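Student: I would like the atomic coordinates for the input below:
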Amino acid sequence: METSTENNYFHEASYIDQAGQSRTTRVPVVQELARQGLKHLPERFVALQPEHDQNSALSSHHVSEPLPSINMTKLRGNDRAEELAKLLTGAKTWGMVVVEGHGVAESVLHGVRDVVKEFFGLSFEEKKASVGSYVSVDNMGYGRNFVKSEDQPLDWIDRVTVKAAPAGATEGLHVWPQRPANFRHAIEQYVAEARNIFNDILEALAEALSLERHVFLQNFDPHETEINVRVNYYPPCPRPDQALGLTPHTDATALTLLLQFEASGGLQVLKDMEWVTVPWPKDAMLVNVGDLLEIMSNGMFRSPWHRVVTQMDIERFSVALFYNPSPRTQIEPIGNCSLANDDDVEGYKKVVVGDYLQHFYRISPTVKKQAISFAKRVPRS
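Tutor: Numbers count the residues shown, from 1 in each chain. Presented below is the predicted three-dimensional model:
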């Protein structure tokens, strides 16, 4: 639900407090704050205090060597050994890889860009009339997620979330924006193309580990697999040294496919205890490993701890697709995968996807990578 009072605009978020009581808080709409031309950052958005917390320092470290990049056209061909090696390096070292030659038509990508920009170009009242907000249904619609208290630092972001698969997942829910009129068509066209990328990468990752190509993909029933779509808008921020676009997190998914336009430079990943800015070419996409694939690979691939930083004079849009098995699916670690880190002797256990997701969203946000412990098995003494 959203409200406006004397030019102050809010999303309403519900949460359960520490006493177990249901609470509702009003979250300022970031886009409207930015439209007012603020010169200061509202207190609720102050997330970074470098002088007190070295782990939150906003110093940007640019990648000294390019992030591993794969060409999907070559990966789909017969002579793909080099692409498999690069994919394996990216998934094991960074938990992410740049995807070029993806085969998605420019017209499809431009269609996504146009409807996203048109939606966020609407007034607050127009957006509110165009789409609903459902906190209790996977945080779908127009609004906020992961608001758990009144004193929680808020992210400098506005977003729309929908479930594009399986068929009928949003029936009866007002979660697809009605304006622009072709919003749903443009997004669903892109999702159909992206599904092929997801499936091909899952098969290639298995092949790169010298496993049967189906070992990861077999968990994804084409009629039940979920594809969630999150459209992110990061407005210009008056104090990039104090605010975050997205709090540090991993993705509770198998794979994430990220498309950005208008600007880059916002995504950072924690590597070797430093926040590293991750750039990638304008026409490329980024695929990153999620928690569920970390479990399925028995830790060979690690979901990266990442965040989004803000920029003072730049607005940025991104579209993230999250690829998951059905919530009813039980996933298990591949038995003959060696652990990526020899010191991590716990390993992983079988989990039901829905149980893991429920745990992840219940404890998020967290200050460190914590949710994955739910899927760790305790070593025998």
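Student: quick one: residue 309 and residue 241 touch, right?
Tutor: No. Applying Cβ atoms under 8 Å as the test, residue 309 and residue 241 come out as separate, 9.4 Å apart. Just so you know, the C-beta spots here come from the backbone N, C-alpha and C atoms, and that holds for glycine as well.
Student: more crowded one of the two?
Tutor: More neighbours surround residue 309 than the other of residue 309 and residue 241, with 22 against 15 (other Cβ atoms under 10 Å).
Student: is the more buried one in a bridge, and if so with what?
Tutor: When bridges are called by DSSP bridges, residue 309 pairs up with residue 244.
Student: how close does the nearest residue to residue 96 once chain neighbours are set aside sit to residue 297?
Tutor: The shortest distance from residue 96 to any non-neighbouring residue, by Cβ to Cβ, 6 or more residues apart in numbering, is to residue 288 (3.8 Å). Distance, residue 288 to residue 297, by Cβ to Cβ, to the nearest Å: 14 Å.
Student: same deal with residue 166?
Tutor: Taking Cβ to Cβ as the measure, residue 166 falls 24 Å from residue 297.
Student: So for the two, which residue has more residues nearby?
Tutor: The residue with more neighbours, out of residue 166 and residue 297, is residue 297; 26 against 14, by other Cβ under 10 Å.
Student: residues contacting the more buried one?
Tutor: Residues near residue 297 by Cβ atoms under 8 Å, 6 or more residues apart in numbering: 205, 209, 216, 333-334, 337.
Student: The closest residue to residue 14 other than its chain neighbours: which element?
Tutor: Residue nearest to residue 14 in three dimensions, not counting chain neighbours: residue 24, with 5.1 Å by Cβ to Cβ, 6+ apart. Residue 24 belongs to strand 22-28 when elements are defined using DSSP states H and E.
Student: what about that strand, distance to the chain center?
Tutor: Its chain's C-alpha centre and that of strand 22-28 lie 23 Å apart, by Cα atoms, centre = their mean, to the nearest Å.
Student: Would you mind measuring from the closest residue to residue 166 other than its chain neighbours to residue 186?
Tutor: Once flanking residues are discounted, residue 166 sits nearest to residue 224: 5.4 Å by Cβ to Cβ, 6+ apart. Noted for residue 224: a distance of 24 Å to residue 186, by Cβ to Cβ.
Student: Of these two, which one has the most company?
Tutor: For residue 224 versus residue 186, neighbours defined as other Cβ under 10 Å are more numerous around residue 186 (21 against 15).
Student: doesn't that one fall inside a helix?
Tutor: Yes. Residue 186: assigned to a helix according to DSSP: H, G, I helix; E, B strand; the rest coil.
Student: returning to that earlier point: got a list of what the residue nearest to residue 166 touches?
Tutor: Contacts for residue 224 (Cβ under 8 Å, 6+ apart) come out as 166, 325-326, 328-329.
Student: how about it, secondary structure?
Tutor: coil.
Student: same thing with the one 3 residues further on?
Tutor: Judged by three-state DSSP, the three-state class of residue 227 is strand.
Student: I figured it hits residue 165, correct?
Tutor: Yes. The pair residue 227 / residue 165 is scored as a contact, 4.1 Å apart, by Cβ under 8 Å.
Student: Now do the helices in the chain.
Tutor: Remark: helices assigned in the chain by DSSP state H are 30-35, 72-75, 81-93, 106-120, 124-130, 183-208, 214-217, 291-296, 353-363.
Student: which one of those helices is the most hemmed in?
Tutor: Across these, averaging neighbours per residue (mean count of other Cβ atoms under 10 Å) puts helix 291-296 on top, at a mean of 26.
Student: ok, and what's touching that one?
Tutor: Here helix 291-296 makes contact (Cβ under 8 Å, 6+ apart) with 202, 205, 215-216, 219, 250-255, 301-303, 324-325, 331-334, 348, 351, 353, 356, 360, 371-372, 375.
Student: average pLDDT across that helix?
Tutor: The pLDDT scores in helix 291-296 average 98.
Student: Where does pLDDT dip in the chain?
Tutor: Applying pLDDT under 70 to the chain picks out residues 1-7, 15, 49-65, 134-139, 145, 336-346, 379-381.
Student: how about 50 then?
Tutor: Filtered on pLDDT under 50, the chain yields the residue ranges 1-2, 4-6, 51-58, 64, 137, 336-345, 381.
Student: picking up where we left off before, and the strand holding residue 24, what does it pack onto?
Tutor: Here strand 22-28 touches strand 8-16, going by 3 or more Cβ pairs under 8 Å, 6 or more residues apart in numbering; DSSP states H and E.
Student: 10 Å instead?
Tutor: On a contact count with 3 or more Cβ pairs under 10 Å, 6 or more residues apart in numbering; DSSP states H and E, strand 22-28 meets strand 2-5, strand 8-16.
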